[in-house]
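>>> pasting the sequence and the predicted model now:
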Amino acid sequence: MATSLPASTGEPAPRLALRGITKSFPGCLANDSIDLTVMPGEIHALLGENGAGKSTLVKIIYGVLEADRGELRWEGAPVAIPSPAAARALGIFMVFQHFTLFETLTVAENIALAARDGREAAVLTGRLAEVSARYGLSLDPRRYIHDLSVGERQRVEIVRCLLQEPRLLVMDEPTSVLTPQEAYRLFETLRQLAADGCSILYISHKLEEIQALCHRATVLRQGRVVGECDPRRESTASLARMMVGADLPPPARPAATRPGADALVVDGLTLSSDDPFGTRLDDVRLTVGGGEIVGIAGVAGNGQRELLAALSGERLAPGAGAVLVAGHAAGRLGPAGRRALGLAVVPEERLGRGAVAELDLADNALLTAHGLGLLRSGLIDRAAARRLAQRIIAEYGVMCRGVDAEAASLSGGNMQKFILGREIAQEPRLLIAAHPTWGVDVGAAAVIRAALVELRNRGAGVLIISEDLDELFEISDRIAVLSGGRLSPPVPAAETDVEAVGLLMGGHGGRGHGADAA
């Protein structure tokens, strides 16, 4: 249960108050007269779909952006925050969704780099131990970042903020790469911080953790505040309705049937990483049948990138038979050869691998779907490419300026819907999707999951690599865990639970031997 707001004999001044904050970019009003108040000792959620204006707002609070209009008040007094350094001087710190650590430095060296008073790493060690013990965030200051798990790296990010004694801590999707057990420990830390008087502004698309953790929530939609509530008194459905403006349909997923012919077989795949800090795949064995969704859970850095590269053809297997796509030996085929067998891929990196930021959506449709009649006698059929892009936009509700919009102009969720739509349009026999709804709002996530289930219902095999256990349990027929480059036997989703999978993700509960479970 979340803690109550600290009692007070008088009416305290807000730690942070925003009044009429407005920020626009060419063709986009990102923040429209936003009012927001965060009290001392309060854990305050900021909710909204992708593109609702959350990121712009917290960048203004942290000094990355400057508002066009409006006023910021800090502990009752008007204030200007022209830079992150000015924000930190006030006591505002931010834990970003993507870690900002130097992997070749130690924990103490990374923390020393962020110290405002220039203290040496050795001097910080004692203070680090004190803060770590107080908040239950155990860290060895001598360890190198590249040796740490993702959960431990999250601790480093938080501890280096705590050493500066923050008065307001902004957290952006802090549990997106944590196991359930690590997330629980993080919540305990945040509750203790709030009890000590620190204010926390918390951004997450996971509504269950908003309900469990936060005292109040402000909801943004299309750049405006559309509501404020106590999330502990709301349901996930009502919170989602406030964010999206409508009820979300549940995924139409009929009971699993016996899978059809094998869409993917991985037979004893062992492969070293080409990254010095990567993970070696060790005797991975897996079967994905046609008409089933298999989910692979795991904490980031346990071989997911290496497995995706080996399955997509970016890395070749030692032998052709180590990877079979639709019954054909594909281990020595590159991406084009595997796509010719019926493989489609939604990569982890949307821009750079899934799409080219500078190209418009019509050209991005060409990248992998040119086999759908978009090339004639070696020439690009621009009209056909535009029709395909327009169909994807319409079918998946992609919010954009049209087929001429550059990929970089779309929000993450809308770009993800477009990439998924492009891959599904090719009617693949096997679709592999990495983190399909990572950082995506509840509305876009519902569209993406429904599309994956519909593809499965049409007989395709679907392999999902994700750290979102709620997502995997919602749509997967079977679930396996990748830990330290080894894959546990997949088990029916109905025969396991989040706790058991979370323990395997954390390296507990036994090691998988790569043996597939039918």
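Looks like it came in fine. Numbers count the residues shown, from 1 in each chain.
>>> how distant is stretch 133-143 from the center of its chain?
Stretch 133-143 has its C-alpha centroid displaced from the chain centroid by 25 Å (CA atoms, centre = their mean, to the nearest Å).
>>> the chain should start at 19 in everything you say after this.
All right, first residue 19 from here; so that's stretch 151-161.
>>> please export the C-alpha coordinates of it as PDB.
Taking Å, rounded to 0.1, in the frame of the first residue of the first chain, the C-alpha atoms of stretch 151-161 are listed here in PDB:
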ATOM      1  CA  ALA A 151      22.300   1.200   3.500                       C
ATOM      2  CA  ARG A 152      19.600   3.700   4.500                       C
ATOM      3  CA  TYR A 153      17.500   3.100   1.400                       C
ATOM      4  CA  GLY A 154      18.300  -0.600   0.900                       C
ATOM      5  CA  LEU A 155      20.200   0.100  -2.400                       C
ATOM      6  CA  SER A 156      23.300  -2.100  -1.900                       C
ATOM      7  CA  LEU A 157      26.200  -1.200  -4.200                       C
ATOM      8  CA  ASP A 158      29.800  -2.100  -4.400                       C
ATOM      9  CA  PRO A 159      31.600   1.200  -5.300                       C
ATOM     10  CA  ARG A 160      34.500  -0.800  -6.800                       C
ATOM     11  CA  ARG A 161      32.600  -2.700  -9.400                       C
END
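>>> can you tell me the average pLDDT over that stretch?
Averaged across stretch 151-161, the pLDDT comes to 78.
>>> can you check stretch 109-119 too?
On average, the pLDDT along stretch 109-119 is 83.
>>> flag every buried residue along it.
G109, I110, F111, M112, V113, Q115, F117, L119 (16 or more other CB atoms under 10 Å). C-betas here are computed from N, CA, C, even on glycine.
>>> ok, the fifth one touching P184?
Looking back up the chat, that one is V113. No - using CB atoms under 8 Å as the test, V113 is too far from P184 to be in contact (9.8 Å).
>>> mind showing which ranges of the chain have poor pLDDT?
Applying pLDDT under 70 to the chain picks out residues 19-28, 115-116, 134-142, 167-169, 194-197, 266-276, 457, 526-536.
>>> domain map for it?
Listed domain ranges for the chain are 34-262, 268-360+446-536, 374-443 (source: automatic domain parsing).
>>> as CSV, these with distance to R368 would be great.
CSV is the format used below for the domains of the chain (distance: least, CB to CB, whole Å):
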stretch, distance to R368
domain 34-262, 12
domain 268-360+446-536, 9
domain 374-443, 5
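>>> so for E366, which of these sits nearest?
domain 268-360+446-536 (4.1 Å; CB to CB).
>>> of the buried residues of stretch 109-119, which is the nearest to L481?
Nearest to L481 among the buried residues of stretch 109-119 is Q115, at 24.8 Å by CB to CB.
>>> the closest residue to G263 other than its chain neighbours: what's it in contact with?
Excluding the flanking residues, the one nearest G263 by CB to CB, 6 or more residues apart in numbering is R239, at 6.2 Å. By CB atoms under 8 Å, 6 or more residues apart in numbering, the contact list for R239 reads G66, E67, A70, M260, M261, V262, G263.
>>> what bridges to R239?
Under DSSP bridges, the beta-bridge partners of R239 are R242.
>>> roughly how far does the spatially most central residue of the chain sit from G109?
Centroid-nearest residue in the chain, with CA atoms, centre = their mean: W456, separated by 3.1 Å. With the distance defined as CB to CB, to the nearest Å, W456 ends up 31 Å from G109.
>>> kindly report the same for A327.
Remark: distance between A327 and G109 (CB to CB) = 43 Å.
>>> show the end-to-end separation of stretch 181-199, please.
With CA to CA, to the nearest Å as the measure, stretch 181-199 spans 24 Å from end to end.
>>> that one: how far from the chain's middle?
Distance, stretch centre to chain centre, for stretch 181-199: 14 Å (CA atoms, centre = their mean).
>>> can you pull out the helices in the stretch 319-468 of the chain?
322-330, 353-358, 379-387, 400-414, 430-442, 460-475 (DSSP state H, counting those that start in this stretch).
>>> next, format these as TSV and append mean neighbour count and distance to E29.
Converted to TSV, those look like this (neighbours: other CB atoms under 10 Å; distance: least, CB to CB, whole Å):
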stretch	mean neighbour count	distance to E29
helix 322-330	23	50
helix 353-358	16	62
helix 379-387	22	51
helix 400-414	18	48
helix 430-442	25	39
helix 460-475	21	35
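>>> reformat those helices as a markdown table; add distance to A201.
Listed next are the helices of the stretch 319-468 of the chain as a markdown table, based on distance: least, CB to CB, whole Å:
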| stretch | distance to A201 |
| --- | --- |
| helix 322-330 | 18 |
| helix 353-358 | 35 |
| helix 379-387 | 34 |
| helix 400-414 | 30 |
| helix 430-442 | 21 |
| helix 460-475 | 18 |
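>>> and those: which comes nearest V519?
Closest approach to V519 among the helices of the stretch 319-468 of the chain is made by helix 322-330 (14.8 Å; CB to CB).
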